[in-house]
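sequence first, then the predicted structure, then my questions.
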Amino acid sequence: MKLATWNVNSLKVRLPQVVDWLAANPVDVLCLQETKLRDEQFPRDAIAEAGYEAAFAGQPTYNGVAILARRDTVGPPADVVVGNPLFEDPQQRLISATVGGLRVVCAYFPNGQAVGSEKFEYKLRWIDALIEWLKPGIRGTAPSAGGESAGTATPLLALLGDFNIAPEDRDVHDPEKWAGQIHCSDEERARFFQLAGLGLVDTFRLFEQPPRQFSWWDYRMLGFRRNAGLRIDHILVDAPLAPRVRACAIDREPRKLEQPSDHAPVVATLDG
DNA sequence: ATGGCCACCTTGGGTGGA
């Protein structure tokens, strides 16, 4: 089973690239962020033509998330929950569904703009609420399907998305320049490791990786050519799944195309 | 030199991204 996440920075613009990528990389689950589409604009037909069923939550201009599930392997996303029931939020940043026996949470963490700003405070509150919601017993389900339904096995969790957090200095092209800055602050990093504390494992770090592996590069300043990037897109899985993870890699190829997203897809491969 | 690019909504330039 293959799980992937990709911040496409407009699904309208990137749809041909997504369709091509899925043809070359027929993953079972693809989580998308920054679709930037109203729900009525979502390209259901093109996604279906590519062999996938989608659950999505969008809005005009900003944000927007989707979970694509391969029809002939895992079937359509089930028990879809939009947003975090513990955090009222007009911004469409979170969608979750049960796919292939996993509870898949697709997240677009707030950017935060600058440490100390109002948007930064919103980012911290948003993450705190996510952590609360992903605690054992709740685990990304709707409230009614959580702790109250004793005896029902809660599916294991996979949290994929654009976290807008570079967890460690090795995830940053220039740690000195970024020290204490947005995506790298102690407050943000502490929250990333709080998620780990819930029993979620960063699949990328289960493996020896080449140095300077990033998932985002600034459009400006020849960021990609200089590999001046950050690793801020992540795939976390419940610890009991860790022995099943065979690989996790960032696919830089789409970043080389004409009119690319500034993010690259990340793919995790699981046994079974 | 602290910005350079890209997408959106909209046709000029502000907002947001990271």
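Sure, I can see it. Worth saying up front: this structure is predicted, and the values here are computed from it rather than measured.

state the distance from the residue nearest to the spatial centre of chain A to DNA strand B.
Nearest residue to the geometric centre of chain A (CA atoms, centre = their mean): A:Gly161, 0.8 Å. A:Gly161 sits 10 Å away from DNA strand B, going by CB to the nearest atom of the strand, to the nearest Å. C-betas here are computed from N, CA, C, even on glycine.

quick check: what element follows the helix or strand containing that residue along the chain?
Here A:Gly161, judged by DSSP states H and E, is contained in strand A:156-162. Using DSSP H and E, the helix or strand that follows strand A:156-162 in sequence is helix A:175-178.

and the nearest residue to A:Thr61 once chain neighbours are set aside, what does it touch?
With CB to CB, 6 or more residues apart in numbering as the criterion, A:Thr61 has its nearest non-adjacent residue at 6.1 Å, and that residue is A:Lys36. Contact partners of A:Lys36, counting by CB atoms under 8 Å, 6 or more residues apart in numbering, are A:9-12, A:58, A:60-64.

what does the stretch 151-272 of chain A have sitting close to DNA strand B?
By CB under 7 Å from any atom of the strand, the residues of the stretch 151-272 of chain A that approach DNA strand B are A:162, A:164, A:182-183, A:216, A:218-221, A:230, A:232, A:259, A:262-263.

how about those, which pair is most distant?
A:Ile182 and A:Gln259 (25.8 Å; CB to CB).

so where is the stretch 51-200 of chain A shaky, pLDDT-wise?
A:138, A:141-152 (pLDDT under 70).

and the pLDDT for A:Lys36?
Looking at A:Lys36, its pLDDT is 98.

part of a strand, is it?
No - counting by DSSP: H, G, I helix; E, B strand; the rest coil, A:Lys36 is not part of a strand but coil.

tally of neighbours for A:Met1?
20 (other CB atoms under 10 Å).

A:Ala247 is in contact with that one, correct?
No - using CB atoms under 8 Å, A:Met1 is not in contact with A:Ala247; the gap is 11.7 Å.

any residues in contact with both of those two?
Residues touching both A:Met1 and A:Ala247 (CB under 8 Å, 6+ apart) are A:Thr269.

who has more neighbours out of A:Ile182 and A:Gln259?
Comparing A:Ile182 with A:Gln259 by other CB under 10 Å, the one with more neighbours is A:Ile182, at 20 against 9.

contacting residues for the more buried one?
A:111-115, A:120, A:188.

redo that, cut-off 7 Å
Contact analysis of A:Ile182 by CB atoms under 7 Å, 6 or more residues apart in numbering lists A:112-115.

pull the most distant pair out of these.
Longest distance between any two of these is 8.8 Å, between A:Gln113 and A:Val115; criterion CB to CB.

looking at those two, which is more packed in?
The residue with more neighbours, out of A:Gln113 and A:Val115, is A:Val115; 16 against 13, by other CB under 10 Å.

one step back: any idea how far the residue lying closest to the residue nearest to the centre of chain A once chain neighbours are set aside lies from A:Glu40?
Spatial nearest neighbour of A:Gly161, chain neighbours left out: A:Ala107 (3.7 Å); criterion: CB to CB, 6+ apart. Distance from A:Ala107 to A:Glu40, counting by CB to CB, to the nearest Å: 23 Å.

by proximity to DNA strand B, which residue of the stretch 1-150 of chain A wins?
Of all residues in the stretch 1-150 of chain A, the one sitting closest to DNA strand B is A:Ser10 (3.3 Å; CB to the nearest atom of the strand).
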